[in-house]
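A.B. asks: Provided below are the primary sequence and the corresponding predicted coordinates.
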Amino acid sequence: MNTMNPTVTSEAAMPEEKIVSVKEERPAETVIEEGKTVGHPLSDDPKFKLRNVEVFYGEDRAIKNISLDIGRNEVIAFIGPSGCGKSTFLRCLNRMNDSIDICRVKGQLAIDDHDIYDPKRDVVELRARVGMVFQKPNPFPKSIYDNVAYGPRIHGLANRKSDLDDIVESSLRKAGLWDEAKDRLDAIATGMSGGQQQRLCIARAIAVSPEVILMDEPCSALDPIATAKVEELIAEMSESYTIVIVTHSMQQAARVSHRTAYFHLGHLVEVNETDKVFTSPEHELTESYITGRFG
Amino acid sequence: MTDQRSQAEIVRNSLKRRYRKERRFRMYGMLAIFIALASLAILFADIITKGHTGFVKTTITLDVTLDSDMMYLDDPSDEDQLSMADFVAPLIAALQEHIPEADSAAEKRELGRLIGSYGASEVRNLLKDNPDLLNTTQTIEFLAHDRVSTYVKHADNPRYSVKLSEQQQRWVDELQEKGVIDTSFNDVLFSRGDSREPANAGILGAIVGSLLTMVVTLVIAFPVGIAAAVYLEEFAPQNKITDFIEVNINNLAAVPSIIFGLLGLAVFIGLFGMPRSVPVVGGMVLALMTLPTIIISGRAAIKSVPPSIREAAEGVGASKMQVVLHHVIPLAMPGMLTGSIIGMAQALGETAPLLLIGMVAFIVDVPGGFFDSATVLPVQIYLWASSSEQGFIELASAGIMVLLTFMITMNALAIWLRKRLERRW
Amino acid sequence: MQTANLLPLVLVLAVVAYGLAYMRSRAVAAPLGGIRNLKALPFYYAARAALWCAIPALIVLAAWAGFEGKVIQGIVIASLPQDVWPESAGEASLILSQISNVAAGKLNPEFVPEHIVGAASVLETMDDQSENFKAALVLLVAVSGAAFAWTRVSPHINARINVETTLRRIFFVCAALAVLTTAGIVFSVILETIRFFGRVPISDFLFSTSWSPQTALRADQVGSEGAFGVIPLFTGTLLISAIALLVAVPVGLLSAIYLSEYASRRVRSSAKPLLEMLAGIPTVVYGFFAALTVAPFIRELAETVGLEASSQSALAAGLVMGIMIVPFVSSLSDDVINAVPQSMRDGSLALGATQSETMKKVIFPAALPGIIGGILLAASRAIGETMIVVMAAGLAANLTANPLESVTTVTVQIATLLVGDQEFDSAKTLSAFALGMLLFIVTLLLNVVALKIVRKYREQYD
């Protein structure tokens, strides 16, 4: 049962509304055809199947009829100018939008063919499967150990103290933080550097063994060295996790992702293999963006 | 991926237990809100049930023959005769018209006990003012005795003891049926000062006392509070003195109110030799008590004026003082007013410090000025509530309703002002 | 002339001074080619004149009005024949009230000794003279101030700077009034407290376990000393405050959590103002409720389960006081809970924590220092609350921890000792000030500590 937020309901069963094109969001002469995405938005082995997704903030339509598949163990990058809806779309995948009262989500969103927005669907379980790393590192004001152990503890993943120790160690190792942190596990996490904090947040996310990790501009608050470390980490993790990353840096998208999706004013304009997007984009808006004409 | 599978399994299994906890936690929260709101509801319900009868008075209306023989009174303009006359006799006679069965001397006396002193003084005043009415028949309406009033209003309430004999109760029932004894809106409550008799006691004196006190408080606290807020926000240099002033204001805001009473007693009354029990001293004490509230809200209001306005005015060459007087204060005024009204509402409900400076005396007269002895609404409520007589408890509840009406009105005014005038930047 | 009449008169004079100075500044400017050639606008010359007229006069008026009563009393007492000079302050106040009653015509001169009647006439003449002198002096100061400002209307003087400096000083004085108030409080409690400790040893006051301030009327009466041990008052205060906090902290904290984390916007927007209403209800109303509804109810309830409860039980006063401070706790908790950044909440929720887990394990520990600060502030409020305990708690100083018994508190004793006719200068009256001092110190410490904790906590997330 959904105790988290009763105001958000799945409206997948409702008849598709005919939406007239909205003119005020069309400053460029290029026409975006609603619901039409160029490239390869679909996948053979999808982890997420997302169809006709729309997100409203009150009266505003922030996401306009997006359909996309995200493959198993794929790293997909969402890029696009500020306010294009990529973060909003990302937050639909583990229902983090639930905590915003005025936000409504329509369309079919499924993980492993199970509806994400099914009212009977359990967000807690969903979020244990779909972890998330935020733009600003947000460690709890507790010790490093307690930060990583938090998830396993609340979910009851460890029966003994030694199990918990193992989980903490392996998570910190996977996040490449073990060597730096092993001697000060009891230190308060907020005393670490920004890059360490962000890797701690990643360790905290993988401690619950999620299947998917959502990353919302994970490196935007970090310096280049810390960024490089996090990117390395993403590359390593791609073997066992599905990763969705929102980024402002096209270089980062190019370095870490398999596929790249370009968002524009709430539309999903183009999805393609990353190489293809950055070398020969199909849509002219994508091209303008990656060549730096706006963004 | 067995790891992820089994983990997911564990999570799923723990869910039932965790959601039970979640629901329990949520329940505690709802329970807390419920307790708080239920207390509020019970409080209001209690006061209304106790006090609504305070707004009702019991009157007796009789056609009285003002027989001069019966009253031993030939000349109503003669003071001596007036003081000796028996004004109850014609009233008893008039009552007997309605209760013919009461004709023995003992029964007449019993009947006379229903009348009380109000009827007699009514007749006396009537004759004193209009001596010509002697030996005519007049319709006279007067307050029934407290005992009758208690019986009429609270016959079935076990908290009140009815002090009438069975026979008297029967008579009162009969008189009520005939419309001789009737209840109506208690205008006495709003037209008189305190009294030793519940039926004759009113809160007008206390309302006027509160009004006078509040005027003094407002006249002192509002300008001083605004000036202090302006100084601290706009002019105060960053130094030890400013810090010290700020610490003082923050602490004064949390000093128990009774301490301000000690201050008033020792300084205003003891040192300056000002009179006790007067609105001026009460108002000054409450002003000192309210100042921190007004200063703190005033500062918040000044802070919310955007710096761009200041810069714009300074840009055309206005002095700092001109910027403040022409722009900052007018723009911050709605916020300052709101804070001040809320502070005044607090002061209006304050009791403890006023007890210490003697505004707790028994005062019958409605005060006529700032230097007259007076009491205030909350103190009057306290005095009545401490009385052992049930009639005063009912008046105290009625007084509370009046006080709460004032306070709710003031707070509503503050909210309205904020909604109406406050700018969003 | 009455102060009440003098005050408006001074203000009228100030307005006149304003008008005259305004006209004069224009007249001065005219031959120079208009007001452009003045150093300041005519308004400022006029305002300066008004300030010069009103401020010195008001200061003189306030000083005179503040001290005339005392001075006249001293002169009247001194005018009495030496053999009837009062020996104590109590006697003096008795004689003075007699004298003033005779002077006011409330007391028939035939009933009092000769010297009182004489003193009454001295009082009357002194009063008249004082009024006249005061009026004359105040008006003189006002007019000469205005005249001085009038002569200083000159194109070379920048009146604006004068006016602004004066205004700024006035503003400063208003702000410094807070310091003056604190000083006044300290002064008023310290003097009497020192006198009190001259009669009752401080160790008795702090450590004795018995409190009965009834000083006997006759010196030879048994127990004439009175006992001034503050311990039973303090335990009583603590007992009632503890009960109040036991109610207010859980209810206030949980309502704050519910309203900020769970309640829909509609519920929040209606429940919050209702909660705040609890804070706006005057304490005398709570006292009424506690004494006349809750206490009898508790007594009956205790009787039905076979317990004996006092009709003025600590429980009744504590419960109602708890309800009173619920909104206080909840709004402070609301502040500190909202100060915890949203990213903490997101971080926990994204790991699959439920809302209550997030609350209990992340937000609450993070907000704890702020919440403790809030609880300390609530405690200080409970300790200083007067009306509820005056009306619903007793007067008997019982040393007990049983909430069904009657206890008394520091504030109750202050109020009872000082309400009504006081014997000036008796240990009984002075003890109230000593209690006031104790109360002031304790609440001040609590407030300082609490504000420090809260501020530190706020800085952590700013």
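C.D. replies: Good, I have the coordinates.

A.B. asks: Please identify the residues of the stretch 1-150 of chain C in proximity to chain B?
C.D. replies: For the stretch 1-150 of chain C, the contact set with chain B under CB under 8 Å from any CB of the partner chain comprises C:4, C:65-70, C:73. (Glycine included, C-beta is placed from N, CA and C.)

A.B. asks: Apply 6 Å and report the result again.
C.D. replies: C:66, C:69-70 (CB under 6 Å from any CB of the partner chain).

A.B. asks: Just the buried ones out of the residues you listed, please.
C.D. replies: Buried members of those, counted by 16 or more other CB atoms under 10 Å in any protein chain shown: C:Gly69.

A.B. asks: Sort out which one of the residues of the stretch 1-150 of chain C next to chain B lies nearest chain B for me.
C.D. replies: Nearest to chain B out of the residues of the stretch 1-150 of chain C next to chain B is C:Gly69 (CB to the nearest CB; 2.8 Å).

A.B. asks: so that closest one sits in a helix?
C.D. replies: Yes - counting by DSSP: H, G, I helix; E, B strand; the rest coil, C:Gly69 is found in a helix.

A.B. asks: Helix, strand, or coil at the residue nearest to it when sequence neighbours are not counted?
C.D. replies: Spatial nearest neighbour of C:Gly69, excluding adjacent residues (CB to CB, 6 or more residues apart in numbering or on different chains): B:Gly273 at 2.8 Å. Secondary structure, three-state DSSP: B:Gly273 is coil.

A.B. asks: B:Gly273 - how many residues pack around it?
C.D. replies: 18 (other CB atoms under 10 Å in any protein chain shown).

A.B. asks: Can you give me the distance of it to C:Leu96?
C.D. replies: 10 Å (CB to CB, to the nearest Å).

A.B. asks: and what of B:Lys153?
C.D. replies: Separation of B:Lys153 from C:Leu96 (CB to CB): 47 Å.

A.B. asks: is it true that C:Ala54 touches C:Val16?
C.D. replies: No - if you go by CB atoms under 6 Å, C:Ala54 and C:Val16 don't touch, sitting 10.9 Å apart.

A.B. asks: More neighbours: the two, which one.
C.D. replies: Neighbour count, other CB under 10 Å: between C:Ala54 and C:Val16, C:Ala54 has more, with 22 against 16.

A.B. asks: That one falls within a strand, correct?
C.D. replies: No - under three-state DSSP, C:Ala54 sits outside any strand and is assigned helix.

A.B. asks: what residues are up against it?
C.D. replies: Listed by CB atoms under 6 Å, 6 or more residues apart in numbering or on different chains, the contact partners of C:Ala54 are C:10, C:14.

A.B. asks: let's see it at 10 Å
C.D. replies: C:10-11, C:13-15, C:17-18, C:61, C:141-142, C:145-146 (CB atoms under 10 Å, 6 or more residues apart in numbering or on different chains).

A.B. asks: now these: which count as buried?
C.D. replies: Buried, going by 16+ other CB under 10 Å: C:10-11, C:13-14, C:17-18, C:61, C:141-142, C:145-146, out of those.

A.B. asks: what about stretch A:235-254 and chain C, any contact?
C.D. replies: No - Stretch A:235-254 does not reach chain C (CB under 10 Å from any CB of the partner chain); its nearest approach is 13.0 Å.

A.B. asks: can you give me the mean pLDDT across that stretch?
C.D. replies: For stretch A:235-254, mean pLDDT rounds to 90.

A.B. asks: cool, stretch C:393-405 as well?
C.D. replies: Confidence for stretch C:393-405, expressed as mean pLDDT, is 84.

A.B. asks: The residue nearest to C:Gly69 and A:Ile206: what is the separation?
C.D. replies: 79 Å.

A.B. asks: returning to that earlier point: these two touch, right, the residue nearest to C:Gly69 and C:Ser130?
C.D. replies: No - using CB atoms under 10 Å, B:Gly273 is not in contact with C:Ser130, being 12.0 Å away.

A.B. asks: what sits in contact with each of those two?
C.D. replies: C:65, C:68-69, C:71-72.

A.B. asks: would CSV of the residues you listed with pLDDT be doable?
C.D. replies: Shown next, in CSV, are the shared contacts of B:Gly273 and C:Ser130 (pLDDT from 0 to 100):
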residue, pLDDT
C:Ala65, 79
C:Glu68, 79
C:Gly69, 75
C:Val71, 82
C:Ile72, 82
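
A.B. asks: with these in mind, which one is nearest to chain A?
C.D. replies: For these, the nearest to chain A is C:Ala65 (58.0 Å; CB to the nearest CB).

A.B. asks: Tell me which other helices or strands the helix ranked longest in chain C touches.
C.D. replies: Ranked by residue count under DSSP state H, the longest helix found in chain C is helix C:159-199. Contacts defined by 3 or more CB pairs under 10 Å, 6 or more residues apart in numbering or on different chains; DSSP states H and E place helix C:159-199 against helix B:204-230, helix B:240-252, helix B:257-263, helix B:279-303, helix B:320-323, helix C:42-79, helix C:202-207, helix C:427-461.

A.B. asks: How is the most centrally placed residue in chain A assigned, secondary-structure-wise?
C.D. replies: Centroid-nearest residue in chain A, with CA atoms, centre = their mean: A:Leu214, separated by 3.0 Å. Classification of A:Leu214 by three-state DSSP places it in strand.

A.B. asks: which non-adjacent residue is nearest it?
C.D. replies: Distance criterion CB to CB, 6+ apart; nearest residue to A:Leu214, sequence neighbours excluded, is A:Met132 at 4.4 Å.

A.B. asks: Quick one: mean pLDDT for the one helix or strand the one you found maps to?
C.D. replies: A:Met132 is part of strand A:130-133, with elements assigned from DSSP states H and E. Averaged over strand A:130-133, pLDDT sits at 90.

A.B. asks: Strand partners (parallel or antiparallel) of that strand?
C.D. replies: Using DSSP bridges, the strands paired with strand A:130-133 in its sheet are strand A:212-216 (parallel).

A.B. asks: Give me the angle between the helix or strand that the strand it pairs with is followed by and strand A:212-216.
C.D. replies: Per DSSP H and E, the first helix or strand lying C-terminal to strand A:212-216 is helix A:224-237. On the basis of axes from the mean of the first three to the mean of the last three CA atoms, to 10 degrees, helix A:224-237 is oriented at 160 degrees to strand A:212-216.

A.B. asks: next helix or strand past helix A:224-237?
C.D. replies: From helix A:224-237 onward toward the C-terminus, using DSSP H and E, the following helix or strand is strand A:242-246.

A.B. asks: Only the buried residues of that following strand, if you could.
C.D. replies: A:242-246.

A.B. asks: before we move on, the earlier item: using TSV, lay out the buried ones among the contacts of C:Ala54 together with pLDDT.
C.D. replies: Putting the buried ones among the contacts of C:Ala54 into TSV (pLDDT from 0 to 100) gives the following:
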residue	pLDDT
C:Val10	89
C:Leu11	90
C:Leu13	91
C:Ala14	91
C:Ala17	90
C:Tyr18	91
C:Leu61	88
C:Val141	91
C:Ala142	90
C:Gly145	89
C:Ala146	88
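
A.B. asks: Tell me the one among those residues nearest to A:His40.
C.D. replies: C:Tyr18 (83.6 Å; CB to CB).

A.B. asks: For that closest one, which three-state class applies?
C.D. replies: helix.

A.B. asks: residues touching it, list them.
C.D. replies: C:43, C:45-51, C:53-54, C:146, C:149.

A.B. asks: Which parts of the stretch 1-150 of chain A are strands?
C.D. replies: Secondary structure of the stretch 1-150 of chain A (DSSP state E, counting those that start in this stretch): strands at A:38-39, A:46-57, A:60-71, A:75-79, A:103-111, A:114-115, A:130-133.

A.B. asks: how about those, which one is nearest C:Tyr457?
C.D. replies: strand A:130-133 (27.3 Å).

A.B. asks: quick one: pLDDT of the closest residue to C:Leu51 other than its chain neighbours?
C.D. replies: Nearest residue to C:Leu51, sequence neighbours excluded (CB to CB, 6+ apart): C:Thr166, at 5.5 Å. Looking at C:Thr166, its pLDDT stands at 91.

A.B. asks: Alright, that wraps it up for me.
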